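Trainee: whatever this is, show me its structure:
(one chain, ligands or ions: 2)
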Amino acid sequence: MKDNIDILAIESSCDETAAAVVRNGREVLSNVIYSQIDMHTVYGGVVPELASRAHIEKINPVIEKALSDAGMTLDEIDAVAVTYGPGLVGALLVGVAEAKAIAWAAGKPLIGVHHIEGHISANYIEHPDLKPPYLGLIVSGGHTHLVIVKDWADFEILGRTVDDAAGEAFDKVARAIGLGYPGGPKIDRVAKAGNPDAIVFPRAKVNKSVYDFSFSGLKSAVLNYLNHAAMTGEKVDQADLAASFQKSVVSVLVEHTINAAREHGIRQVAMAGGVASNSALRAAMQAACDREGLSLAIPSPIYCTDNAVMIGVAAFHEYEAGTRSGWDLNAVPGLRLGERGK
Ligand code: KG4
Ligand code: ZN
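Mentor: Ligands and ions are numbered 1, 2, ... in the order given. Below is the predicted model:
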């Protein structure tokens, strides 16, 4: 009997081609990420056709490196896991086809993983004490969800964005103020030199549901501010604008999370997704959780943005629960949280 469960995980849902070997859902044996950001930067955002082609070119070398960094062969792997949704369909298909081929050829079980469940699971790497139930805030380029993680793969959605995702808002505002792509990290950096109270922007929220989010009104307010400044010849302070916009996003994310923790009597909070690497959000959420006496888990920035380690961690819990995907596993670009495809 083998003591450890070692999973080879593959992630290709957007613009990162990634592979990793994860032991027992906690220990990272390797983590290889080939980022396509430089290629997409010229176009100001991810170009799906280019992403798919780059995944095809890189996926084999990335997997080979993940295995060799872990000092393992495919024979020693217990299962092959892959993100099958949500994401760009052409990009997802590259990973899914590759994982199926590898698992079939090596006679290993195949486990399809939900990308967002992967993001949340990234917390288990550096927070071994974190166990459901807890409150999860997932903030990425494509998703903004506030959920109760009731069990390893059981989520109750309390709120979600009704329009742009948090990361999308960062990217669009960054483009509008001339910072370029990818916007999140650039706004984060520039905002450090700005005054977050310089410009009062509307809060990024909706009135319909207490825990839903809306970022498009905030984005329009930034665009209006820029237009007004252009017309009146007023100088725009990029750092003040970035800091003020960021404050509006961060305050709503923190407020909803704390209100939900109070209402549901939950004492543990975990954040995940690319925007969870934002320094202002990390600091504000930590301060709010400290005030409330809540524990807070946030992955290191490298495990916040897309990676395959988080997929290997989520897959371990699926593996333990007996989940196995069929050879007809398909990419599901619009897969919802908590939904099971094939
Ligand atoms: O999780 P992720 O890598 O991909 C998706 O699943 O979407 O998230 C990417 C998003 C982008 O919108 C990027 O601008 C944002 O995360 N992001 C940040 C930061 N780093 C990445 N947003 C704010 N501050 C950051 N430091
Ligand atoms: Zn992601």
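
Trainee: residue 254: what's it in contact with?
Mentor: 281, 284-285, 288 (CB atoms under 8 Å, 6 or more residues apart in numbering). (C-beta placed from N, C-alpha, C; glycine too.)

Trainee: quick check: which element contains it?
Mentor: Here residue 254 sits within helix 238-264, counting by DSSP states H and E.

Trainee: ok, the next helix or strand after that helix: who's next to it in the sheet?
Mentor: Moving toward the C-terminus from helix 238-264, the next helix or strand (DSSP H and E) is strand 268-272. Applying DSSP bridges, strand 268-272 is found paired with strand 134-139 (parallel), strand 295-297 (parallel).

Trainee: what segments of the stretch 51-200 of the chain are helices?
Mentor: 89-106, 115-121, 123-126, 166-176, 183-191 (DSSP state H, counting those that start in this stretch).

Trainee: re earlier: now the helix holding residue 254, how far from the centre of its chain.
Mentor: Distance, stretch centre to chain centre, for helix 238-264: 18 Å (CA atoms, centre = their mean, to the nearest Å).

Trainee: repeat that for stretch 76-93.
Mentor: The answer for stretch 76-93 is 15 Å, by CA atoms, centre = their mean.

Trainee: what are the buried residues along that stretch?
Mentor: By neighbour count with 16 or more other CB atoms under 10 Å, stretch 76-93 contains the buried residues 77, 79-93.

Trainee: check stretch 100-113 too.
Mentor: 100, 102-103, 108-113.

Trainee: will you turn those into CSV that also has distance to ligand 2 and pLDDT?
Mentor: Shown next, in CSV, are the buried residues of stretch 100-113 (distance: CB to the ion, whole Å; pLDDT from 0 to 100):
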residue, distance to ligand 2, pLDDT
100, 22, 98
102, 22, 97
103, 23, 98
108, 25, 98
109, 24, 98
110, 21, 98
111, 18, 98
112, 16, 97
113, 12, 97
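
Trainee: and the gap between the residue nearest the centre of the chain and residue 294?
Mentor: Centre of the chain computed as the mean C-alpha position; nearest residue by CA atoms, centre = their mean is residue 273, 2.6 Å away. To residue 294, residue 273 is 19 Å away according to CB to CB, to the nearest Å.

Trainee: for residue 86, same thing?
Mentor: Where residue 294 is concerned, residue 86 sits at a distance of 29 Å (CB to CB).

Trainee: re the thing from before, out of the strands paired with strand 268-272, which is the most enclosed?
Mentor: Mean neighbour count (mean count of other CB atoms under 10 Å) peaks for strand 134-139 among those, with a mean of 26.

Trainee: now do the contacts for the closest residue to residue 267 other than its chain neighbours.
Mentor: Closest residue to residue 267 in three dimensions, ignoring its sequence neighbours and counting by CB to CB, 6 or more residues apart in numbering: residue 294, at 5.7 Å. The contact partners of residue 294, by CB under 8 Å, 6+ apart, come to 258, 261, 266-269.

Trainee: report pLDDT for the closest residue to the residue nearest to the centre of the chain other than its chain neighbours.
Mentor: Closest residue to residue 273 apart from its sequence neighbours, by CB to CB, 6+ apart: residue 140 at 3.4 Å. With respect to pLDDT, residue 140 has a value of 94.

Trainee: count of neighbours near residue 140?
Mentor: By the measure other CB atoms under 10 Å, the count of residues near residue 140 is 24.

Trainee: residue contacts, it?
Mentor: So, once contact is read as CB under 8 Å, 6+ apart, residue 140 ends up touching 116, 119, 165-167, 272-275.

Trainee: please report phi then psi for it.
Mentor: phi -130, psi -170 (degrees, to the nearest 10).

Trainee: measure it to ligand 2 for me?
Mentor: For residue 140, the distance to ligand 2 equals 4 Å [CB to the ion, to the nearest Å].

Trainee: and the helix or strand where residue 30 lies, what does it pack onto?
Mentor: Using DSSP H and E, residue 30 sits within strand 27-35. Judged by 3 or more CB pairs under 8 Å, 6 or more residues apart in numbering; DSSP states H and E, strand 27-35 is in contact with strand 16-23, helix 48-69.

Trainee: sounds good, over and out.
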